[in-house]
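Enquirer: This is the structure alone, sequence omitted:
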């Protein structure tokens, strides 16, 4: 009798432990990670500022397009795994503010695939055409941007602070992932705010101030994961400060999970992406 009681108690303990282990999974800084059975909602925010002119090999255009292509492949793999006919995955590439060019606006309009709005053969066709469509459109957008040379900056701080991120990157019932491709210098000519040592921008001079930070204007981003790639301060010694400023900003806004990663070879960045998506 006592033996059966011990066995039953042990079985109950193992069952409870299994449930706890499967339900408690923490991301960075102790935030809970997102259940993997939710459909993906991937938004890629491209910073079309003068970072595109940085002297890099491969150049920034090639790096960015390689990163987007990696996400396209990740998206397609997820759709196949979920069964194409049933999948509701969503992915798009955005810019903020929108480029002041009708040509770029037209090119950008094809950078979205919403499987929830497609039926049957439309889904399969969208996935088959995705690689070519995204690569061709992005290549033309970068060429147009580099030719125009109008560098007013990319308003990443404003995108989060005015809650545009909620409108464009959040869907109920989805795993919401925002990928930001930027060198880490958050700046827009028309949105400059300063309060003491807190700023709405990150510039070389703000990084020299050991007390500098980004203004946290809102909270409530507990249903968003952020992967910031291609961070690349002009002075390598400023990297730790830049990363700290960006991470503290995300933490202050309540972002569920975030990773800030420096620029690297596309193959290494691909590994960062795989690790982020798989967790």
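Expert: Sure thing, it's come through. From a predicted model like this one, the values you see are computed outputs, not experimental measurements. Numbers count the residues shown, from 1 in each chain.
Enquirer: got a list of what the residue lying closest to residue 182 once chain neighbours are set aside touches?
Expert: Ranked by Cβ to Cβ, 6 or more residues apart in numbering and with sequence neighbours excluded, the top spatial neighbour of residue 182 is residue 47, at 3.8 Å. Backbone N, C-alpha and C define where each C-beta goes, glycine included. Neighbouring residues of residue 47 by Cβ atoms under 8 Å, 6 or more residues apart in numbering: 154, 156, 180, 181, 182, 183.
Enquirer: Now do the nearest residue to the second one once chain neighbours are set aside, the pLDDT please.
Expert: Excluding its sequence neighbours, the residue lying closest to residue 156 (Cβ to Cβ, 6+ apart) is residue 186, at 4.7 Å. At residue 186 the predicted local distance difference test score is 95.
Enquirer: and residue 186, what is it in contact with?
Expert: Residues near residue 186 by Cβ under 8 Å, 6+ apart: 154, 156, 157, 200, 201, 202, 214.
Enquirer: Residue 98 now?
Expert: By Cβ under 8 Å, 6+ apart, the residues touching residue 98 are 105, 108.
Enquirer: how close does it sit to residue 160?
Expert: When distance is defined by Cβ to Cβ, to the nearest Å, residue 98 is 17 Å away from residue 160.
Enquirer: what helix or strand does the nearest residue to residue 210 once chain neighbours are set aside sit in?
Expert: Leaving out its chain neighbours, the residue that sits closest to residue 210 by Cβ to Cβ, 6+ apart is residue 241, at 7.6 Å. Using DSSP states H and E, residue 241 sits in helix 239-252.
Enquirer: returning to what we had before: might one say that the residue nearest to residue 210 is in contact with residue 207?
Expert: Yes: proximity of residue 241 to residue 207 meets the contact threshold set by Cβ atoms under 8 Å, at 5.0 Å.
Enquirer: Of those two, give the one with the bigger neighbour count.
Expert: residue 207 (22 against 18; other Cβ atoms under 10 Å).
Enquirer: Quickly note the distance from the residue nearest to residue 182 to residue 54.
Expert: Residue 47 is 11 Å from residue 54, by Cβ to Cβ.
Enquirer: ditto for residue 279
Expert: Counting by Cβ to Cβ, the separation of residue 279 from residue 54 is 30 Å.
Enquirer: before we move on, what about residue 201?
Expert: According to Cβ to Cβ, residue 201 stands 18 Å off from residue 54.
Enquirer: of those two, who's got more company?
Expert: Per other Cβ under 10 Å, whichever of residue 201 and residue 54 has more neighbours is residue 201, with 21 against 14.
Enquirer: State the three-state secondary structure for the more buried one.
Expert: With DSSP: H, G, I helix; E, B strand; the rest coil as the basis, residue 201 sits in coil.
Enquirer: Quick one: residues contacting it.
Expert: 157, 185, 186, 187, 188, 191, 192, 214.
Enquirer: Equivalent analysis for residue 105, please.
Expert: Each residue near residue 105 by Cβ under 8 Å, 6+ apart is listed here: 98, 99.
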